[in-house]
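Enquirer: 3D model of this:
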Amino acid sequence: MKKQFPALLLALCLLLTVPAYAVSDSTENFTRQQTYTGQFSDLAPGSVFYDNVAALYEYGLSNGKADGIFGLDDSMTVGQIVIFAARIRSLYRTGNAETGPAAYTGATAAEPCLLYLQAENVLGSELDGQLFQPATRAQVAHVLASVLPETALPAVHDSLVTQAYASRRFVTDVDAYTPYYQDILSLYRKGISAGSDATGSFLPNALITRGAAAAMLTRMVDPALRVTPEWDLSAVSSAEGVSLSDLVEPGTYIASPSTWEEMDESIRYMLANDSSQLILHYPGVAFAKARKLMEETLAVIKVYCEQSYNTVTCSYTTTGEVTLNFSAAGAGNRLEAYRESTMNAAAAVHDAMWESGLINASMTELEKARVYYQWICDNCAYDFRAGDDSISHIPYNLFENGLAVCDGYTGAYNLLLKLEGIACGALANDTHIWTVATLDGVEYHIDTTWGDTGSVISYDYFAMTEDQSRAYHDW
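Expert: Presented below is the predicted three-dimensional model:
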């Protein structure tokens, strides 16, 4: 028995090193066990990484280098990052930073840690044979991304990062071709990284320094050290300053259009240049031809009903110059004021949607279109008293007075969609007009007017296929 006692005593001593409060799978195991009192001679109080390196020491995750320095600017190997990650994983899982890796063996200190993380499904075999190589920041992101579960390290900045990244104004040095790009973005979402400059650059191919690694590692175990990206997204989600002409794909001026497509080019040329006048040339033009041109141009301009034009006057000369002037019935000389008011109102709705979170960058185009469909139906009533010269035929009246008929509904809805960059137009028959939009690469028919005919919103008319739309509309 005397020979066995020292071994038993040693085992008891080892067990006593585990905190009495340690529990399985808990962030309560992350506690500071010692106090930093200047152990690292190269860590000045004014260092950007001072709090992180001190915390790394106090959490018992690092004692620095043998010569009494931490080595803030020194690079780290993949193996060293793996060791830190394994310690954090083991501390979370067992309450002891060494228990998890201790169950495995290897020729180097990093190998048991790698085997432990692989057994825990944190890593696969992708880093085998790379433990002695200098670690890139992208590799660090990959190692750390799955060390802790979502419950322990939630993605508190998910919406912010998704919106910022989707705008391509932030984290611009990371794309789908960047190694481990999803893991990199997860560090932003969880408050582990805010990037290295105002646009959140991650520098994925740069080697990680011990100071930068200390910042990421300690943010994993200490919520107080986590960071929030200070990104101004106002320009991303604001439609301020956008004009109606900005929403038209510029066309090429064709002096004598002979097809619908050519007429569309000339109409878009006019609209994109913020004009309401189109001059065409048809030698020998007569009354019948001029009337036909009026009908053709009105049919085309209905596609862009958000522009508020629904009438046309025509004059022509003996030399064949045809002048077409577009306006809106009932608007008179106030049309430009109405168009400006319409644009401002639509931009305000758009911005309010983004500010409230009802629209965000992570949504599909179909989801965004549904939100605006609901807004139109909630904020408008059908104007049963509208005559041919009513301003309910243009989107102005929907935004200003909450009244419209089908072309007002469709114009307002299409304007909101175009502010989201969604390609759309209008399709009309002799008595009705509705939206045709391309959402996430698929063409849908959407009829906001008929969606708003009952006491509750009907989504039967939202995102219809062509066959479904033909069941309701003839064209």
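Enquirer: For Asp274, see how far away Pro250 is.
Expert: According to Cβ to Cβ, to the nearest Å, Pro250 and Asp274 sit 11 Å apart. C-beta coordinates here come from the backbone N, C-alpha and C atoms, glycine included.
Enquirer: Can you show me the helices along the stretch 301-450 of the chain?
Expert: 335-356, 365-378, 395-401, 406-419, 448-451 (DSSP state H, counting those that start in this stretch).
Enquirer: mean confidence score for the third one?
Expert: On average, the pLDDT along helix 395-401 is 98.
Enquirer: which other residues reach that helix?
Expert: Residues outside helix 395-401 that contact it (Cβ atoms under 8 Å, 6 or more residues apart in numbering): 305-306, 308, 331, 338-339, 341-342, 345-346, 349, 376, 379-380, 383, 390-392, 403-404, 408-409, 411-412, 415.
Enquirer: PyMOL command for the buried members of the residues you listed?
Expert: Per 16 or more other Cβ atoms under 10 Å, the buried members of the contacts of helix 395-401 correspond to this PyMOL selection:
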select buried, resi 305+306+308+331+338+339+342+345+346+349+376+380+383+390+391+392+403+404+408+409+411+412+415
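Enquirer: Give me the below-cutoff pLDDT ranges for this protein.
Expert: Along the chain, segments meeting pLDDT under 70 span 1-21.
Enquirer: hmm, try it at 80
Expert: Scanning the chain with the threshold set as pLDDT under 80 gives 1-22, 159, 163, 166-168, 234-237, 361-362.
Enquirer: so what's the nearest residue to Val140 once chain neighbours are set aside up against?
Expert: Nearest-residue entry for Val140: Ile208, 4.9 Å, with adjacent residues in sequence omitted and distances by Cβ to Cβ, 6 or more residues apart in numbering. If you count contacts by Cβ under 8 Å, 6+ apart, Ile208 has them with 75-76, 81, 135-137, 139-140.
Enquirer: Next, give phi and psi for Ile208.
Expert: Main-chain torsions, Ile208, degrees, to the nearest 10: phi -80, psi 140.
Enquirer: Tell me which residues of stretch 56-66 come out buried.
Expert: In stretch 56-66, counting by 16+ other Cβ under 10 Å, buried: 56-62, 64.
Enquirer: Which pair of the residues you listed spans the longest distance?
Expert: Across the buried residues of stretch 56-66, the longest distance by Cβ to Cβ is 13.4 Å; it joins Tyr59 and Gly64.
Enquirer: Sketch out the helices for the stretch 51-200 of the chain, chain order is fine.
Expert: Along the stretch 51-200 of the chain, the segments classed as helices by DSSP H, counting those that start in this stretch run 78-94, 99-102, 110-119, 137-145, 158-166, 181-189.
Enquirer: Let's have these in CSV, adding mean neighbour count and distance to Gln34.
Expert: What follows is those, written out as CSV (neighbours: other Cβ atoms under 10 Å; distance: least, Cβ to Cβ, whole Å):
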stretch, mean neighbour count, distance to Gln34
helix 78-94, 23, 14
helix 99-102, 20, 19
helix 110-119, 21, 22
helix 137-145, 25, 23
helix 158-166, 19, 34
helix 181-189, 21, 27
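Enquirer: which stretch among these comes nearest Glu295?
Expert: Using Cβ to Cβ, the nearest of the helices of the stretch 51-200 of the chain to Glu295 is helix 158-166, at 42.7 Å.
Enquirer: If you count contacts, what does that closest one end up packed against?
Expert: Applying 3 or more Cβ pairs under 8 Å, 6 or more residues apart in numbering; DSSP states H and E, we find helix 158-166 packed against helix 181-189, helix 234-237.
Enquirer: Dump those helices into TSV; add distance to Ala214 as well.
Expert: Shown next, in TSV, are the helices and strands packed on helix 158-166 (distance: least, Cβ to Cβ, whole Å):
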stretch	distance to Ala214
helix 181-189	14
helix 234-237	32
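Enquirer: right, and those - which one's nearest Asp197?
Expert: That would be, of those and by Cβ to Cβ, helix 181-189, which comes in at 13.4 Å.
Enquirer: and the angle for that closest one with helix 137-145?
Expert: Put simply, helix 181-189 runs at 70 degrees to helix 137-145, going by axes from the mean of the first three to the mean of the last three Cα atoms, to 10 degrees.
Enquirer: got a list of contacts for helix 181-189?
Expert: 137-138, 141-142, 144-146, 155-158, 161-162, 165, 171, 174-175, 178, 193-195, 200, 202, 204, 216, 229.
Enquirer: rewinding a little: take the helices of the stretch 51-200 of the chain and lay them out in a markdown table including distance to Val23.
Expert: Converted to a markdown table, those look like this (distance: least, Cβ to Cβ, whole Å):
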| stretch | distance to Val23 |
| --- | --- |
| helix 78-94 | 9 |
| helix 99-102 | 13 |
| helix 110-119 | 19 |
| helix 137-145 | 23 |
| helix 158-166 | 28 |
| helix 181-189 | 26 |
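Enquirer: out of these, which comes closest to Glu355?
Expert: When the helices of the stretch 51-200 of the chain are compared by Cβ to Cβ, helix 158-166 sits nearest Glu355, at 11.7 Å.
Enquirer: who's in contact with that closest one?
Expert: For helix 158-166, using Cβ under 8 Å, 6+ apart, the contacting residues are 170-171, 174, 185, 188-189, 200, 228-229, 231, 233, 236-237, 357, 360-362.
Enquirer: And for stretch 91-104?
Expert: Stretch 91-104 has contacts (Cβ under 8 Å, 6+ apart) with 17-19, 21-27, 29-30, 60-61, 83, 86-90, 111-113, 115-116, 119-120, 147-148, 152, 221.
Enquirer: Strands of the stretch 151-300 of the chain, start to end?
Expert: Taking DSSP state E, counting those that start in this stretch as the criterion, the stretch 151-300 of the chain carries its strands at 277-281.
Enquirer: picking that back up, most tightly packed of the helices of the stretch 301-450 of the chain?
Expert: Of all those, helix 406-419 carries the top mean neighbour count, a mean of 27, counting by mean count of other Cβ atoms under 10 Å.
Enquirer: ok and it relative to helix 335-356, angle-wise?
Expert: Using the same axes, to 10 degrees: helix 406-419 against helix 335-356 is 50 degrees.
Enquirer: now for helix 406-419, which elements pack on it?
Expert: helix 335-356, helix 365-378, helix 395-401, strand 424-428, strand 433-439, helix 448-451.
Enquirer: can those go into CSV with extra columns for distance to Tyr459?
Expert: Shown next, in CSV, are the helices and strands packed on helix 406-419 (distance: least, Cβ to Cβ, whole Å):
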stretch, distance to Tyr459
helix 335-356, 18
helix 365-378, 8
helix 395-401, 19
strand 424-428, 18
strand 433-439, 14
helix 448-451, 7
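Enquirer: Relative to Gly46, which of these is closest?
Expert: helix 335-356 (38.1 Å).
Enquirer: Can you tell me what sits against that closest one?
Expert: Applying Cβ under 8 Å, 6+ apart, the external contacts of helix 335-356 come out as 237-240, 242-244, 276, 307-308, 327-328, 331, 359-360, 371-372, 375, 391, 394-396, 399-400, 412, 415-416, 419-420.
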